[in-house]
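Asker: need coordinates for the below:
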Amino acid sequence: LDPVTGGVHCAIGSARDMSKDDFGGGDYVVTSTLASQCPPAVGRALGFSIADTILKRNKYESNSKKQVSFVTIGDGSVHNAHFLSAFNLARHARFRKTKCPVVFGVSDNGLSISYPTDG
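Answerer: This is a model prediction of the structure:
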């Protein structure tokens, strides 16, 4: 289970350990079954990469932890343009040798808003 929601659906945020004044250590989780959450997830992933590049260029120490943008969707969302465009942008970034650390978690539950899926 993820550290933010414990498996609860539709959450946004970062894990935080109040005893250590820790603001999540780079963890930022968005959980939703809607495909509209995918483009922002790819944007965050590209932002991690850009920030790391800028820090290195200016001779600052970059974040030692590997940051990953994680988003969950339902299986009905894989046919949606939001998911498809986000996935294509992540693939294009890889083709251009730009780091885009994004993970798409797809729940194959056989449900969709507008049509049945095979599940």
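Asker: need phi/psi at residue 70.
Answerer: Per-residue torsions, residue 70: phi -120, psi 130 (degrees, to the nearest 10).
Asker: residues contacting the residue lying closest to it once chain neighbours are set aside?
Answerer: Of all residues not flanking residue 70 in the chain, residue 103 sits nearest, at 4.7 Å (Cβ to Cβ, 6 or more residues apart in numbering). Backbone N, C-alpha and C define where each C-beta goes, glycine included. Contact analysis of residue 103 by Cβ atoms under 8 Å, 6 or more residues apart in numbering lists 68-71.
Asker: for residue 115, helix, strand, or coil?
Answerer: Here residue 115 is coil, with the state taken from DSSP: H, G, I helix; E, B strand; the rest coil.
Asker: any idea how far it lies from residue 54?
Answerer: Plainly put, residue 115 is 44 Å away from residue 54 if you go by Cβ to Cβ, to the nearest Å.
Asker: who has more neighbours out of the two?
Answerer: Ranked by neighbour count (other Cβ atoms under 10 Å), residue 115 and residue 54 place residue 54 first, with 11 against 8.
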